[in-house]
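Asker: What follows is a predicted structure for the sequence shown.
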Amino acid sequence: MAEIGFVRIDSRMIHGQITTSWNNVVHAKKIIVIDDVVAANEMMAMGLQFAAPAGTKALCYSVEQAAAQWSMDSFGNGTVMVLFRDVQTAYKTWKAGFKYEKLNIGNIPTAPGRISVYKTCFMNKEEMDLLKELEKEGVEIYLQFMPQEKIVSFDKLKEKLK
């Protein structure tokens, strides 16, 4: 069975920080992008696959597909990196049976109703509540944009959206 090496919410999904910084730490053989929109759009999925670093395979799944593949042990062996575009998808994937121990929060852009919880990470109350529920279920949640930066605890983020 594949080992989950890193799970992250980042609206940009596969991009420079992922390919050069995080993958140099994680050494993933596969990057799994879980997003219903990307999985349904062949061009978007292909673009993300081309963005993966050399020697690393990128696969795009819907929430349902990812949960099914995980339960059937279809990600093979080796370390995988899992990327979500948003909080809702990370939450839905967990609820669908794709369990992970830690969740890294990366870039979540500004949008109506969202406030800055830390630098370029913006959330609304609904997103914060979903993360709190994951935390109650045992997921360790933290913010860290780059591996060399300090970890920001989820407790600090919760203070911004009480």
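Answerer: Noted; the coordinates are in hand. What you see is a predicted model; the values in this text were computed from it and never measured.
Asker: And the pLDDT at the residue nearest to Val87 when sequence neighbours are not counted?
Answerer: Among residues not flanking Val87 along the chain, Glu127 sits closest, at 4.1 Å (C-beta to C-beta, 6 or more residues apart in numbering). In this view, the C-beta of every residue, glycine as well, is placed from N, C-alpha and C. What the model reports as pLDDT for Glu127 is 98.
Asker: Glu127 against Thr89, yeah?
Answerer: No. Shown here, Glu127 and Thr89 do not form a contact pair, counting by C-beta atoms under 8 Å, at 11.0 Å.
Asker: wait, Cys121 sits on Leu143?
Answerer: Yes. Look at Cys121 against Leu143 with C-beta under 8 Å: they come within range, at 6.1 Å.
Asker: what touches both of those two?
Answerer: Common neighbours of Cys121 and Leu143, using C-beta atoms under 8 Å, 6 or more residues apart in numbering, are Ile105, Gly106, Leu157.
Asker: ranking the residues you listed by neighbours, who comes first?
Answerer: Counting neighbours by other C-beta atoms under 10 Å, Ile105 comes out on top of the shared contacts of Cys121 and Leu143 with 24 neighbours.
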